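Peer 1: The amino acid sequence is not available; the structure is as follows:
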């Protein structure tokens, strides 16, 4: 892809970077590896040469689409860069999980050139249209198959590539398309160049199931008029298009100019339209903030992280500042800081009484300030408040240091009213604010007065003999710094019972997973009453030392707002959290159903029972599992799950399609009756069938009320939540009263 329209200066820079520059990869332990790096904006990849590794599997190129951020060395918090001049360093951050490539250049000017070039390439990538993205992905596949770098593929190489891409196709049919695409016939062995391969691939990946839908409405003409398009939308997509709207869609998606002028839509145009963003399963209206954000903050579910600083297990894993940046960029609005006395009067964050590494409190605050309200393609609506759940284990002296950092780093961003407000503020009131949640002293006390230590001391809940904390007397108290107390915007109280907590004048109470579940089982109405008056935070049991997660759904069903999960563990619970919080623009705040809200709104009726009918039509370009044997074709099947109240929890799965991940066709129907749709999350999981254990391929999850009816695609996400290039599932969806 070229940088047409970017201006001569950027064109010159991109040309320079495409020719290759010497940069040093900065590895752990102070190791530097000189490599020649290239920015290829034609194929939209960052790559390098010069590695001596021959046997070990290594990554030497990255698609630009995988880059999340390009960061100056001065703005990165990794200790890895400490021995070097940060003004010559840059950090390239990849994927939802924020893997980082650290680079150092010979000069600060060269570093600045690379940052400018990479950011421009990222901007180009984000504004590619659908066809450009598809063509780029096909070119990447071409380069992967072109082992001898002669810029062409013969028939045998193409057969090998198709196997890698999960396509088990009739050899005669493939040869027929190969010959059709080979327009520059040469003497000797027939080959396809990159452009011919793109054409060949488009012919190979025609979608007969979509053509069948098209033929239902074309009356044998071979094209649709705007009137045919209106009929399709009305009968299938359950949307009433105006004549002007249908003409606008034809103008946007019909690739053939003559048909565009005649206001006709071809099968190719229809295919592109059906795969476009607005026709996806997830309702595009829910990609923006559409809910009322002016109600008290206790009326909202809040995307929340537990022990945010950890990137691995709870006992020995590393603590990283980057983990906060990762969580915030994924829409998290409540992060956790476990604060302890550090050397040289510098408070640190780590999991107390364990062997996890330590990071500086001030570095975490700086990162939160920089990233709390930074928009990204993942999280464009990040202007709503960020809550810092502080577990305070520091001495009064270091609490005062913490307070100084909080005031100096956050400045006007900090929400810390001197007097308790008459009403609980709303997310809208707190836009652009950072709120400290913690213990707070009563007003008008001197600095020497005592305050309680946090009752929700999770560090004391670790079930490992080698790292158990010293036993404390019941009713143990520590002194609380007046300066730190004055920074607290949301007062946290220990849970002593529903009525006691409600009458405590606090706004936050924390419950461990087991205590919360027991309380929900024994006194569900009490839990609902509790969270109608204050924010209820739940967190994983201390026995989950492997950083596994509990099922968040029962907590949400009972109205608990701050259901904290280990963001570093990308299993089913985190997938449900990410699916739930895609709603309302991914802003991290979701208005709870009316029947769970505070008393004056509790008259809101339940949403009536619904029947969700789904026809799983087909899959497209489903990848192999990462550890799959070379050459092996997958045998995919899809599992469809409903997560909600106990009575609604159900699942079913399709048949297995043997040896076809390329274009499996199911046409299988499933149906679910859902009694409480407001609580329901639908999760689709694609597996590769195996005699021993089925391999996870990808998933997609969304709230029931964000589903669009009709013929809808969804993109598959990998376990980290990153979109898998080109991988799609096509469904037909109907929702009726049950």
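Peer 2: All right, it came through fine. Model, not experiment: these values are computed from the prediction. Numbering: from 1, shown residues only.

Peer 1: Which pLDDT value belongs to residue 112?
Peer 2: Reported pLDDT at residue 112 in the predicted model: 96.

Peer 1: Next, count neighbours for it.
Peer 2: 15 (other CB atoms under 10 Å). Every C-beta, even on glycine, is put in place using the N, C-alpha and C of the backbone.

Peer 1: How many residues are close by residue 156?
Peer 2: The number of residues near residue 156, taken as other CB under 10 Å, comes to 9.

Peer 1: Helix or strand next in line after the strand or helix carrying it, which one?
Peer 2: Using DSSP states H and E, residue 156 sits within helix 155-164. For helix 155-164, the succeeding helix or strand toward the C-terminus, using DSSP H and E, is helix 171-181.

Peer 1: any residues touching that next one, and which ones?
Peer 2: By CB atoms under 8 Å, 6 or more residues apart in numbering, the residues outside helix 171-181 that reach it are 155, 158-159, 162, 190, 192, 196-197, 199-200, 203-204.

Peer 1: repeat that for 7 Å
Peer 2: For helix 171-181, contacts defined as CB atoms under 7 Å, 6 or more residues apart in numbering pick out 155, 158-159, 162, 192, 196, 199-200, 203-204.

Peer 1: cool, stretch 132-144 as well?
Peer 2: 1, 43-44, 63, 153, 161, 165, 194, 197-198, 201, 725-726.

Peer 1: on that earlier part again, can you select the buried ones among the contacts of helix 171-181 for me in PyMOL?
Peer 2: Typed into PyMOL, the line below selects the buried ones among these, using 16 or more other CB atoms under 10 Å:
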select buried, resi 155+158+159+162+192+196+199+200+204
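
Peer 1: Would you list the phi and psi of residue 270?
Peer 2: Main-chain dihedrals, residue 270, degrees, to the nearest 10: phi -60, psi -40.

Peer 1: was I right about it contacting residue 215?
Peer 2: No. Judged on CB atoms under 7 Å, residue 270 makes no contact with residue 215 at a distance of 10.3 Å.

Peer 1: higher neighbour count, the two?
Peer 2: Higher neighbour count among residue 270 and residue 215: residue 270, with 26 against 13, using other CB under 10 Å.

Peer 1: Can you tell me, leaving aside adjacent residues, what's nearest to that one?
Peer 2: Closest residue to residue 270 apart from its sequence neighbours, by CB to CB, 6 or more residues apart in numbering: residue 214 at 5.1 Å.

Peer 1: Quick check: that neighbour vs residue 23, distance?
Peer 2: For residue 214, the distance to residue 23 equals 50 Å [CB to CB, to the nearest Å].

Peer 1: who touches residue 720 in this structure?
Peer 2: Contacts of residue 720 by CB under 7 Å, 6+ apart are 95-97, 570.

Peer 1: Now do the helix ranked longest in the chain: which elements does it pack against?
Peer 2: In terms of residue count, the longest helix belonging to the chain (DSSP state H) is helix 108-126. If contacts are counted by 3 or more CB pairs under 7 Å, 6 or more residues apart in numbering; DSSP states H and E, helix 108-126 sits against helix 8-18, strand 31-40, strand 67-72, strand 89-94.

Peer 1: one more time with 10 Å, if that's ok
Peer 2: For helix 108-126, the packing partners by 3 or more CB pairs under 10 Å, 6 or more residues apart in numbering; DSSP states H and E come out as helix 8-18, strand 21-27, strand 31-40, strand 45-49, strand 67-72, strand 89-94, strand 99-104, helix 130-145.

Peer 1: List the beta-bridge partners for residue 669.
Peer 2: residue 615 (DSSP bridges).

Peer 1: Make 51 the starting number, not 1.
Peer 2: OK, 51 is where the count begins now, so the last one is residue 719.

Peer 1: For the stretch 51-200 of the chain, give me the ranges with low pLDDT.
Peer 2: Applying pLDDT under 70 to the stretch 51-200 of the chain flags residues 51-57, 102-109, 179-181, 183-184.

Peer 1: If we use 50, what do you get?
Peer 2: 51-52, 54, 105 (pLDDT under 50).

Peer 1: Could you check the pLDDT of residue 430?
Peer 2: The model's pLDDT for residue 430 equals 67.

Peer 1: which strand is the longest one in the protein?
Peer 2: Looking across the chain with DSSP state E, the single longest strand is strand 773-787.

Peer 1: quick one: strands adjacent to that one?
Peer 2: Partners of strand 773-787 in its sheet, by DSSP bridges: strand 660-670 (antiparallel), strand 760-767 (antiparallel).

Peer 1: Reformat those as a markdown table; add mean neighbour count and mean pLDDT.
Peer 2: Shown next, in a markdown table, are the strands paired with strand 773-787 (neighbours: other CB atoms under 10 Å; pLDDT from 0 to 100):
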| stretch | mean neighbour count | mean pLDDT |
| --- | --- | --- |
| strand 660-670 | 20 | 96 |
| strand 760-767 | 20 | 97 |
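
Peer 1: For residue 463, which of the ones you listed is the nearest?
Peer 2: strand 760-767 (32.1 Å; CB to CB).

Peer 1: where does the closest one sit relative to the chain's centre, distance-wise?
Peer 2: Relative to the mean C-alpha coordinate of its chain, strand 760-767 is positioned 17 Å out (CA atoms, centre = their mean, to the nearest Å).

Peer 1: Report the contact partners of the residue lying farthest from the centre of the chain.
Peer 2: Within the chain, the residue lying farthest from the chain centre (CA atoms, centre = their mean) is residue 237, at 50.2 Å. Counting by CB atoms under 10 Å, 6 or more residues apart in numbering, residue 237 makes contact with nothing.

Peer 1: Would you reformat the contacts of stretch 182-194 as JSON lines and include neighbour count and distance to residue 438?
Peer 2: Shown next, in JSON lines, are these (neighbours: other CB atoms under 10 Å; distance: CB to CB, whole Å):
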{"residue": "51", "neighbour count": "18", "distance to residue 438": "41"}
{"residue": "93", "neighbour count": "16", "distance to residue 438": "42"}
{"residue": "94", "neighbour count": "22", "distance to residue 438": "38"}
{"residue": "113", "neighbour count": "17", "distance to residue 438": "35"}
{"residue": "203", "neighbour count": "25", "distance to residue 438": "54"}
{"residue": "211", "neighbour count": "18", "distance to residue 438": "50"}
{"residue": "215", "neighbour count": "22", "distance to residue 438": "46"}
{"residue": "244", "neighbour count": "17", "distance to residue 438": "51"}
{"residue": "247", "neighbour count": "24", "distance to residue 438": "52"}
{"residue": "248", "neighbour count": "19", "distance to residue 438": "50"}
{"residue": "251", "neighbour count": "23", "distance to residue 438": "49"}
{"residue": "775", "neighbour count": "18", "distance to residue 438": "36"}
{"residue": "776", "neighbour count": "19", "distance to residue 438": "40"}
